[in-house]
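[1] give me a model of this one.
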Amino acid sequence: QVQLQESGPGLVKPSQMLSLTCTVSGGSITTSDYAWSWIRQPPGKGLEWMGAIASDGSTYYSPSLKSRTSISRDASKNQFSLQLSSVTPEDTAVYYCAARLPSGDYRYWGQGTQVTVSS
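    Have a look, this model is predicted:
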């Protein structure tokens, strides 16, 4: 059973960088078939896929967020991370990490972490 857990600050000031880490247990981020993904849900809105990192280290980003997003990993800790630069209050959301199958379905989700962008 794969488990994912997000961690990071719950409050970020406008124009700063948002950094979150997802710790994975029960499966390796470097050998499994999953795309390790970041997804967010702003208040009152639907889920938005932000990007993913594959087991070979390849990264994929939403075109609308690509200029501000970076996803990386630390294989030694079995963690992958999200950095979102130049945040605004519109980036306020619950941020999830998830394991996406090649079919496109999400098999495992973290519990989500609330991030608020406010001065």
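
[2] the residue nearest to the spatial centre of the chain bridge partners, please.
    Geometric centre of the chain, nearest residue: W38, 2.6 Å, by Cα atoms, centre = their mean. Taking DSSP bridges as the rule, W38 bridges to G51, C97.

[3] surely it meets V94?
    No: with contact defined as Cβ atoms under 8 Å, W38 does not reach V94; the gap is 11.6 Å. Using the backbone N, CA and C atoms, a C-beta is placed for each residue, glycine as well.

[4] about what we covered before: tell me who's in contact with the residue nearest to the centre of the chain.
    Shown in contact with W38 (Cβ atoms under 8 Å, 6 or more residues apart in numbering): L20, C22, W49, M50, G51, A52, I71, L82, Y95, Y96, C97, A98.

[5] check which helix or strand the third one maps to.
    Remark: W49 resides in strand 48-53, with elements defined by DSSP states H and E.

[6] and that strand, what's buried?
    Buried residues in strand 48-53, counted by 16 or more other Cβ atoms under 10 Å: W49, M50, G51, A52, I53.

[7] quick check: the gap between the residue nearest to the centre of the chain and W49.
    The gap separating W38 from W49 is 8 Å, by Cβ to Cβ, to the nearest Å.
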